[in-house]
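**Q** Show me the folded form of this:
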Amino acid sequence: MRDGELIARWAEKPPSGRRAFLIERKLILAAYSLRKLSDDHKLSTATLKASIKVKLSKPLSQGFSNILHWLDRYFDLDNPVTLTLTWRRILNMMIHSAAFAEVQDDAGRCVGFLVTSDQELQRGLVHVELSDFLRLIEIAANDYPTEIRQMWHPAEGRWVTWAGKGGELA
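**A** Sure thing, here's the model as predicted:
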């Protein structure tokens, strides 16, 4: 939870390369930590399966160079479409990011971030609101699963593990 508070404080500071670096580093580390906790069943299964609305800027052309400059040359930032993704998919994009940049409001505050991964590059650049990501950190900080269940899923031919606070296998 302290990480979320720290990110929120940095987001209010005047724009600078240092601020952008610190926020990106903290967000990527948070993404990795959240995914690792989930993989080890230390977060409820529902936490990263939860969906969030994001904006997607589709590619304008092929050949993105992995250079953070000129994202507007490669993605249609003026005409994003709204879609719903799971937190796990967003965390994976962050961890494997091919592009990552902060989104600023008119006052220069960081209010979100743009991200895509090598796997998602052809689909586009995702805009996540910073407040939504900070809310995820807060939810995870207060998430203490009390049960872990595992069952064989014959249709998928694999074991499925659920973690949570009672209830059905999700």
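**Q** Enumerate every residue touching residue 90.
**A** Taking C-beta atoms under 8 Å, 6 or more residues apart in numbering as the contact definition, residue 90 lies against 31, 52, 54, 115, 126, 128. For glycine as for every other residue, the C-beta is placed from the backbone atoms N, C-alpha and C.
**Q** Now the fifth one. Nearest residue, chain neighbours left out?
**A** Nearest in space to residue 126, with sequence neighbours left out and distances taken as C-beta to C-beta, 6 or more residues apart in numbering, is residue 54 at 5.1 Å.
**Q** ok, that neighbour to residue 86 distance?
**A** As judged by C-beta to C-beta, to the nearest Å, residue 54 and residue 86 stand 11 Å apart.
**Q** Ok, residue 98 next?
**A** 19 Å.
**Q** Quick one: the helices in this structure, in order.
**A** Along the chain, the stretches classed as helices by DSSP state H are 2-12, 17-39, 45-49, 71-74, 87-95, 130-141.
**Q** Show the backbone phi and psi for residue 79.
**A** phi -130, psi 60 (degrees, to the nearest 10).
**Q** how much space between the most far-flung residue of the chain relative to its centre and residue 16?
**A** In the chain, the residue that sits farthest from the middle, by C-alpha atoms, centre = their mean, is residue 154; the gap is 30.8 Å. Residue 154 sits at a distance of 55 Å from residue 16 (criterion: C-beta to C-beta).
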